[in-house]
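In: predicted model follows, preceded by the sequence.
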Amino acid sequence: MKWVLVIAFLLIVGSLASAMVFLIRDRGQTRNVVRALALRIGLSVLLFLTLLFSHWMGWIQSTGVPIQ
């Protein structure tokens with residue numbers, strides 16, 4: 001499960017980087033930047049929902065922050 005989350009996070013960062021490249025190269029003339037940012041948002045929402053579902057199913061456990 002840990003590897004799935006790491007791969008999803010890397011895809012999100014990669015999508016953000018590709019949006020930056022499209023913005024620099026195309027200067028915002030094409031819709032590539034919008035597509036890349038929409039993909040990033042979709043992946044982020046999917047990652048969040050996957051984390052919620054995994055916690056609900058008991059596949060991952062929250063450890064909490066210890067108060068000293």
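Out: All right, it came through fine. For clarity, every value in this text was computed on a predicted model and none was experimentally measured. Numbers count the residues shown, from 1 in each chain.
In: need phi/psi at Leu10.
Out: phi -70, psi -40 (degrees, to the nearest 10).
In: the lowest-mean-pLDDT helix or strand in the chain: what's the following helix or strand?
Out: When each helix and strand of the chain is scored by mean pLDDT, DSSP states H and E, helix 2-26 comes last, with a mean of 90. Using DSSP states H and E, the helix or strand that follows helix 2-26 in sequence is helix 32-57.
In: buried residues in that following helix?
Out: In terms of neighbour count (16 or more other CB atoms under 10 Å), helix 32-57 has its buried residues at Asn32, Val33, Ala36, Leu37, Leu39, Arg40, Leu43, Ser44, Leu47, Thr50. Bear in mind the C-beta positions are built from the backbone N, C-alpha and C, glycine included.
In: ditto for stretch 25-34
Out: For stretch 25-34, the neighbour count (16+ other CB under 10 Å) marks Asn32, Val33 as buried.
In: residues in contact with it?
Out: When contacts are defined by CB atoms under 8 Å, 6 or more residues apart in numbering, stretch 25-34 is touched by residues Ala19, Phe22, Leu23.
In: and the spatially closest residue to the last one that is not a sequence neighbour, what's its pLDDT?
Out: In other words, Leu23. Excluding its sequence neighbours, the residue lying closest to Leu23 (CB to CB, 6 or more residues apart in numbering) is Val33, at 5.0 Å. Here, the pLDDT recorded for Val33 equals 90.
In: quick one, which of the contacts of stretch 25-34 are buried?
Out: The neighbour count (16+ other CB under 10 Å) marks Ala19, Phe22 as buried among the contacts of stretch 25-34.
In: which one of the contacts of stretch 25-34 is nearest Ile67?
Out: Distance to Ile67 across the contacts of stretch 25-34 (CB to CB) is lowest for Ala19, with 39.4 Å.
In: how much space between Met57 and Thr30?
Out: Distance, Met57 to Thr30, using CB to CB, to the nearest Å: 41 Å.
In: got CSV for the buried residues of helix 32-57, with distance to Ile67 too?
Out: Formatted as CSV, the buried residues of helix 32-57 follow (distance: CB to CB, whole Å):
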residue, distance to Ile67
Asn32, 47
Val33, 44
Ala36, 41
Leu37, 38
Leu39, 39
Arg40, 35
Leu43, 33
Ser44, 30
Leu47, 28
Thr50, 29
